[in-house]
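Student: Please find the sequence and the predicted model below.
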Amino acid sequence: RSCGINFENEEDLEQIIDILSPLKIAGLIPNAATIYNTVYEAALVSTKKQWQEGDGALPNKVIRKIMKELDLGFWNFRFALYGPDMMMDASWAAIKGAFSQIKGAKFFSKSFDKDTPIENVRDKLQAGIPNLQEFGLLNWRGGGGHLDFAPISPSTGKDAVIQYELARDRMNEYGFDYLGGFAIGWREMHHLVAPIFNRSDVDEKKRAKEVFGHLINDAAEAGYGEYRTHLSFMDQVASTYDFNDNAMMRFSERLKDSIDPNGIIAPGKQGIWPKHLRASKGENKS
């Protein structure tokens with residue numbers, strides 16, 4: 001059963017996460033629970049030019065227009081239930097009861113069996129059906145460029161708000177829309193932010209690189225680290241894990257030197273360089 005809840009207000013985020021986390025821990029939501037903002041969902045089916053002429057982040061009035069025309073919330077929560085109808089009905093009732101305390105929440109669900117055709121991209125994902133529609137995101141600005149900023153944190157509403165406001169403000173500062181959301185686990189939360197840019201536009205590429213570097217540093221200063229990143233930023237991300245005089249990196253480098261002394265295996269991956277490239281971090285090396 002593919003399920004969703006749309007929430008009208010930006011400020012609902014903290015309450016959404018704080019309600020969701022206990023439900024996830026209790027096992028009422030068995031799959032990956034994801035929450036994406038309006039612009040992320042809109043980017044799957046439309047382009048920025050359809051909503052706004054010129055550059056810069058979308059103003060709130062345009063976001064509200066998108067919400068109305070595409071029947072979206074400011075936050076859009078998607079998940080699935082599996083099993084016998086009796087079990088799914090009981091879980092759905094408990095989930096609806098918990099989220100009903102958020103004003104304006106809209107609930108919907110669709111049941112599928114093996115003979116039912118599935119068309120919607122979100123429904124396909126809940127059913128485990130691979131598709132390429134998610135790549136529509138890359139057409140938002142044209143040019144197909146993107147980076148993924150992916151810090152992790154405890155799954156609390158407070159942490160979600162801190163990370164969201166940090167990323168939103170930086171993205172807007174550099175003229176990019178905040179396209180992102182959260183994937184909620186049992187105890188941890190992944191914040192997924194996608195700076196979308198035109199690879200053929202020199203200025204956009206420059207701004208995308210700059211904002212990404214700031215996001216990494218901003219998150220580190222707030223106590224958050226990334227669990228993955230683009231190759232170009234692996235050294236920077238690795239440098240933020242600097243507890244106890246970079247104990248983790250020193251340990252990783254010692255393992256690297258013992259297991260791969262010639263630096264043959266993926267030199268520089270995750271910021272871990274072989275000894276002969278360590279000082280230069282691979283610069284000007286073939």
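Tutor: Thanks, I have it. Please read all numbers here as calculations on a predicted model, not as lab measurements.
Student: Following the chain past the helix or strand bottoming out on mean pLDDT in the chain, name the next helix or strand.
Tutor: Across the helices and strands of the chain, mean confidence by mean pLDDT, DSSP states H and E is lowest for helix 121-126: a mean of 80. Along the chain past helix 121-126, the next helix or strand (assigned with DSSP states H and E) turns out to be strand 144-146.
Student: any idea how far the helix or strand just after that following strand is from the chain center?
Tutor: Sequence order places strand 152-154 as the next helix or strand after strand 144-146, per DSSP H and E. Between the mean C-alpha location of strand 152-154 and the chain-wide mean there is a distance of 12 Å, by Cα atoms, centre = their mean, to the nearest Å.
Student: Would you map the strands across the stretch 51-200 of the chain?
Tutor: Assigned strands in the stretch 51-200 of the chain, in chain order: 75-80, 106-110, 144-146, 152-154, 180-184, 188-193, 196-198 (criterion: DSSP state E, counting those that start in this stretch).
Student: Of those, give the one that comes closest to residue 163.
Tutor: When the strands of the stretch 51-200 of the chain are compared for distance to residue 163 using Cβ to Cβ, the nearest one is strand 188-193, at 4.7 Å. Any C-beta I mention is one placed from the backbone N, CA and C, and that applies to glycine too.
Student: residues of the closest one that come out buried?
Tutor: Neighbour-count burial for strand 188-193, with 16 or more other Cβ atoms under 10 Å as criterion, is recorded at 189, 190, 191, 192, 193.
Student: Show me what the third one bridges to in the sheet.
Tutor: When assigned by DSSP bridges, residue 191 has beta-bridge partners residue 182.
Student: State the pLDDT value of it.
Tutor: Turning to residue 191, the model gives it a pLDDT of 97.
Student: Would you confirm that it contacts residue 151?
Tutor: Yes: under the criterion of Cβ atoms under 8 Å, residue 191 lies in contact with residue 151, with a separation of 5.2 Å.
Student: what's near enough to touch the residue nearest to residue 127 when sequence neighbours are not counted?
Tutor: Nearest residue to residue 127 in three dimensions, chain neighbours excluded: residue 118, at 5.7 Å (Cβ to Cβ, 6 or more residues apart in numbering). Residue 118 is in contact with 112, 124, 127, 129, counting by Cβ atoms under 8 Å, 6 or more residues apart in numbering.
Student: same question, residue 36
Tutor: Remark: with contacts taken as Cβ under 8 Å, 6+ apart, residue 36 is in contact with 75, 76, 78, 180, 181.
Student: ok so, going back, what touches both of residue 191 and residue 151?
Tutor: Counting by Cβ under 8 Å, 6+ apart, the residues touching both residue 191 and residue 151 are 163, 224.
Student: and the protein, what are its domains?
Tutor: Structurally, the chain divides into domains by the TED database as follows: 2-226, 231-280.
Student: Measure how far the longest one is from the centre of its chain, please.
Tutor: Relative to its chain's centre, domain 2-226 lies at 7 Å (Cα atoms, centre = their mean).
Student: do the last one as well
Tutor: What separates the centre of domain 231-280 from the centre of its chain is 26 Å, taken as Cα atoms, centre = their mean.
Student: Run through the chain and note the low-pLDDT ranges.
Tutor: By pLDDT under 70, the weakly predicted segments of the chain are 282-286.
Student: so what secondary structure elements neighbour the longest helix along the chain?
Tutor: The helix spanning the most residues in the chain, taking DSSP state H as the definition, is helix 202-221. In this structure, helix 202-221 packs against strand 144-146, helix 157-173, strand 196-198, helix 234-240, with contacts taken as 3 or more Cβ pairs under 8 Å, 6 or more residues apart in numbering; DSSP states H and E.
Student: Flag every buried residue along that helix.
Tutor: Going by neighbour count (16+ other Cβ under 10 Å), the buried part of helix 202-221 is 204, 207, 208, 209, 211, 212, 215, 216, 218, 219, 220.
Student: What of stretch 4-22?
Tutor: Under the neighbour-count rule (16+ other Cβ under 10 Å), stretch 4-22 has 4-8, 10, 12-17, 19-21 buried.
Student: For the closest residue to residue 23 other than its chain neighbours, grab the count of nearby residues.
Tutor: With sequence-adjacent residues excluded and distances taken as Cβ to Cβ, 6+ apart, residue 23 is closest to residue 29, at 5.5 Å. The number of residues packed near residue 29 is 20, by other Cβ atoms under 10 Å.
Student: Alright, calling it a day.
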